[in-house]
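Chemist: Kindly return the folded structure for what I paste below:
(one chain, ligands or ions: 1)
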Amino acid sequence: MAEKLALKGGKRTVPPDFIKPWPHVTEADIKAVTEVLTTAKINQQQNIQASGLAKEWAEYMGVKYCIPVNSGTAALHLCVAGLGIGPGDEVIVPAFTFWASAAAVLHHNAIPVFVDIDPKTYCIDPNLIEEKITERTKAIMPVHIHGMPADMDPIIEIAKKHNLYVIEDVAQAHGARYKGRLCGSMGDAAGYSTQMSKTLSSGCQGGLFTTNDEQVYKRAALLQYFGEMVVPGREREEQQYNAYGLGWMYRGDMFSQAFVRSQLKRLDINNALRVRNCNYLTEHLSKIKGIETPYVPIECYHVYYNYVVGFNPKELGLDISARTLREKVQEALGAEGVPTGQWQRMPVPAQEIFQAKVGYGKGCPWKCHGSNVEYRKEDYPRSVEFIDSHCYVFDVNPPNDLELMKLYVEAFQKVMDNLDQIL
Ligand SMILES: Cc1ncc(COP(=O)(O)O)c(C=O)c1O
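Modeler: Here you go, the predicted structure:
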């Protein structure tokens, strides 16, 4: 039905201020953070909140050890360091991810080697991993991207066959499951981000490290505290002021940890509400010609950190690229009040740091370790295609509900019915 698009002066579909922000802050969250401040002994709170969060997250995940840290990148770096991966070792990482996954490897002077994605799930394609394994390879780092679990069984099988570790990047997939198992509980170690936008949010910055291996835990615990051996809560009495190796200051802060602990109580319910919103979008958007909705393997519980939408101009008989269609539709959706985003602009190995191999400077870690790993943009065609043809619909988080999702669908329908106004 012909209708004037908001971009052309028509009425916008989603009213201003209709969308509620994430994270959703409740009275319980406010109480949890306020209690940290109003307690009689604030100096004990750092240990109380950190150990409380460590215990609760380990319990939730069904793993033995957890260390709360100050970012997801720090947590992933602890995975790399804790597993004993060293300078010049190679770690396999998907070409489509936030580059922090690869940065955590570089932070330890190790070398990321990239593998293209499965275009259906946008996670690392296990079929492409083995050809990238060399005698230097020490680990595979699947990333559960946008809330979608990576295909873990074949990844773990390859790792076993080649004697490699598996590090799970769960920055975007708290509570997601693969064949019933929680993402983060399947590999040798896992890193999670609790940065503001994440499905388990601190409202600011933070991260979590987990493992089932006592040695890995002990090494990570040492490294997250300057390389010193410290019993949490007994720093004053027992700190030796003796570093046993190079470490970092990765301690998290008590306010964000108190907030995460409170949010954790609602993680499953918030995930379920987000899944309901996204299932509604899929049910309705999949009927619109030219729009592709997420494919979710039957064995996966996808928690939709982002709702991903693809564009298919061929289905509409249009002789334009998916990228052009996406950009035009995104602009029109923005005017209708539907927030969409692009996120990654290129595969990670195409970024300047890998093209110029700057790293630590002087060409390290590559030059320092005689590495001949190459980063050719053209080696990751699926990541390029995925990035070109997809965008993300934001604010599918609760407390936004089906009322907003209905407006999103209306806006998509309106724009796609009136493409002649924008093409
Ligand atoms: C896939 C992925 N890995 C790692 C990180 C790093 O997390 P943080 O920003 O908490 O360091 C992010 C954060 O956005 C991410 O999206």
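
Chemist: count of residues packed around the closest residue to Gly245 other than its chain neighbours?
Modeler: Nearest residue to Gly245 in three dimensions, chain neighbours excluded: Gly227, at 4.7 Å (Cβ to Cβ, 6 or more residues apart in numbering). No exception for glycine: its C-beta is placed from N, CA and C like everyone else's. Gly227 is flanked by 14 other residues according to other Cβ atoms under 10 Å.

Chemist: Now for Gly227: which residues touch it?
Modeler: Contacts for Gly227 (Cβ atoms under 8 Å, 6 or more residues apart in numbering) come out as Ala243, Tyr244, Gly245, Leu246, Gly247.

Chemist: Look up how far the ligand lies from it.
Modeler: Going from Gly227 to the ligand by Cβ to the nearest ligand atom, to the nearest Å gives 21 Å.

Chemist: check contacts around the closest residue to the ligand within the stretch 301-423 of the chain.
Modeler: For the stretch 301-423 of the chain and the ligand, the shortest gap (Cβ to the nearest ligand atom) falls at Tyr305, measuring 8.1 Å. Contacts here follow Cβ under 8 Å, 6+ apart; on that basis Tyr305 touches His146, Gly147, Gln172, Ala173, Ser197, Lys198, Thr199.

Chemist: follow-up on the earlier one: return the distance of the residue nearest to Gly245 relative to Asp395.
Modeler: According to Cβ to Cβ, to the nearest Å, Gly227 stands 42 Å off from Asp395.

Chemist: ok, and the most crowded of the contacts of Tyr305?
Modeler: In the contacts of Tyr305, the most neighbours by other Cβ under 10 Å go to Ala173, 32 neighbours.

Chemist: that older thread, pull out the buried members of the contacts of Gly227.
Modeler: Among these, those scoring as buried are Gly247 (criterion: 16 or more other Cβ atoms under 10 Å).

Chemist: what two of the contacts of Gly227 are the furthest from one another?
Modeler: Across the contacts of Gly227, no pair lies farther apart than Tyr244 and Leu246, at 9.4 Å, counting by Cβ to Cβ.

Chemist: does Ala28 sit in a helix or strand, and which one?
Modeler: helix 27-38 (DSSP states H and E).

Chemist: For Leu53, grab the count of nearby residues.
Modeler: Neighbours around Leu53, by other Cβ under 10 Å: 26.

Chemist: Just give the nearest non-adjacent residue to Ile42, would you?
Modeler: Val36 (7.3 Å).

Chemist: An error on my part: the question was meant for Asp151.
Modeler: Nearest non-adjacent residue to Asp151 (Cβ to Cβ, 6+ apart): Pro126, at 5.4 Å.

Chemist: so who does that neighbour touch?
Modeler: Asp118, Asp151, Pro154, Ile155, Ile158.

Chemist: can you pick the most crowded of those residues?
Modeler: Ile155 (24 neighbours).

Chemist: quick one: it and Leu128 touch, right?
Modeler: No: here Ile155 does not reach Leu128: they are 11.2 Å apart, not a contact under Cβ atoms under 8 Å.

Chemist: Can you get me a residue count around whatever residue of the chain ends up closest to the ligand?
Modeler: Closest to the ligand within the chain is Gly72: 2.5 Å, counting by Cβ to the nearest ligand atom. Using other Cβ under 10 Å, Gly72 has 27 other residues around it.

Chemist: Show me where the stretch 151-300 of the chain has its strands.
Modeler: 165-169, 177-178, 181-182, 189-193, 207-211, 291-292, 300-301 (DSSP state E, counting those that start in this stretch).

Chemist: Gly341 - nearest residue in space that isn't next to it in sequence?
Modeler: Tyr392 (4.8 Å).

Chemist: and that neighbour, that's in a strand?
Modeler: Yes: under DSSP: H, G, I helix; E, B strand; the rest coil, Tyr392 falls within a strand.
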